[in-house]
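*Asks:* Predicted model, plus sequence, below.
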Amino acid sequence: NAGVMQNPRHLVRRRGQEARLRCSPMKGHSHVYWYRQLPEEGLKFMVYLQKENIIDESGMPKERFSAEFPKEGPSILRIQQVVRGDSAAYFCASSPGDRGAEAFFGQGTRLTVV
Amino acid sequence: GNSVTQMEGPVTLSEEAFLTINCTYTATGYPSLFWYVQYPGEGLQLLLKATKADDKGSNKGFEATYRKETTSFHLEKGSVQVSDSAVYFCALEKTSYDKVIFGPGTSLSVIP
């Protein structure tokens, strides 16, 4: 049973481009969480999704950021018109139920905006 | 609001030294408390947890006791190894469906 798979591991984007981060949850997991980790800071919750539904997006910036978890395929975190301040590590976690604290984490995508 | 505070790092210890990483929290009610470990280049792994006051979580030689009276959940290990070098995060979760609140992390380096 493969773990949570995130790709790409490293992503470089120029300012103004779009970044698409993918997360394939563990088999059998229907709950996905996205977190952002800025340098020297802890993880900040962004969004919690179940299949085809956004349950809690209270940590998502109102503009330029969106997330989806379709019925088929990976969860996608999309950042439009990236700015330097979006440079961070983005982690996805998945769980079979609604216990976010016991979710399994992927290795993260490190986004660098140049 | 809910928050988690950890001692600032980096912490550098010699192998076999005793480790304490302090964690205090602010929350209403009775949250569940967690410690996570993040090895270089990796995602977080749940290390241990405690769900009610006076519970002791333990794993891989690490321990932490949920102290309601001092709102603390300090991480301890009696004898650290070089392989314990990582960043440690304290976290709380009030209920399921609540987002997890992480502390800022404490970096630990263990030298031979």
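*Replies:* Received, thanks.

*Asks:* Right, and chain B sits closest to which residue of chain A?
*Replies:* A:Phe105 (3.3 Å; CB to the nearest CB). Every residue, glycine included, has its C-beta placed from N, CA and C.

*Asks:* which ones are touching the residue nearest to that residue when sequence neighbours are not counted?
*Replies:* Of all residues not flanking A:Phe105 in the chain, B:Gly43 sits nearest, at 3.3 Å (CB to CB, 6 or more residues apart in numbering or on different chains). By CB atoms under 8 Å, 6 or more residues apart in numbering or on different chains, the residues touching B:Gly43 are A:4, A:91, A:93, A:105-108.

*Asks:* For the residues you listed, give me CSV that also has pLDDT and neighbour count.
*Replies:* Shown next, in CSV, are these (pLDDT from 0 to 100; neighbours: other CB atoms under 10 Å in any protein chain shown):
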residue, pLDDT, neighbour count
A:Val4, 94, 23
A:Phe91, 94, 26
A:Ala93, 94, 28
A:Phe105, 92, 22
A:Gly106, 93, 27
A:Gln107, 92, 17
A:Gly108, 93, 26
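
*Asks:* Quick check: the farthest pair among those?
*Replies:* Maximum pairwise distance among those (CB to CB): 11.2 Å, between A:Ala93 and A:Gln107.

*Asks:* Get me the contact residues on chain A for chain B.
*Replies:* A:4, A:33, A:35, A:40-45, A:48, A:55-56, A:58-59, A:91, A:93, A:97-102, A:105-108 (CB under 8 Å from any CB of the partner chain).

*Asks:* cutoff 7 Å now
*Replies:* Chain A comes close to chain B at residues A:41-43, A:45, A:48, A:56, A:59, A:91, A:98-102, A:105-108, as judged by CB under 7 Å from any CB of the partner chain.

*Asks:* Next, count neighbours for the residue nearest to B:Cys23 when sequence neighbours are not counted.
*Replies:* In space, and not counting its chain neighbours, B:Cys23 is closest to B:Cys90: 3.5 Å by CB to CB, 6+ apart. Number of residues near B:Cys90 (other CB atoms under 10 Å in any protein chain shown) recorded here: 29.

*Asks:* wait, B:Cys90 sits on B:Thr5?
*Replies:* No. Applying CB atoms under 7 Å, one finds B:Cys90 not in contact with B:Thr5, separated by 8.3 Å.

*Asks:* Read off the pLDDT value for B:Ser96.
*Replies:* For B:Ser96, the pLDDT comes out at 60.

*Asks:* ok now do B:Asp84, which residues does it touch?
*Replies:* B:77, B:108, B:110 (CB atoms under 7 Å, 6 or more residues apart in numbering or on different chains).

*Asks:* In contact with the last one, which residues?
*Replies:* By CB under 7 Å, 6+ apart, the residues touching B:Val110 are B:13, B:15, B:80-82, B:84-85.

*Asks:* For the buried ones among these, write the corresponding ChimeraX selection.
*Replies:* Here is the ChimeraX command that selects the buried residues among these (16 or more other CB atoms under 10 Å in any protein chain shown):
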select /B:13,80,84,85
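
*Asks:* Mind pulling up the pLDDT for the residue in chain B that chain A sits nearest to?
*Replies:* Of all residues in chain B, B:Gly43 sits closest to chain A, at 3.3 Å by CB to the nearest CB. B:Gly43 is assigned 86 on the pLDDT scale.
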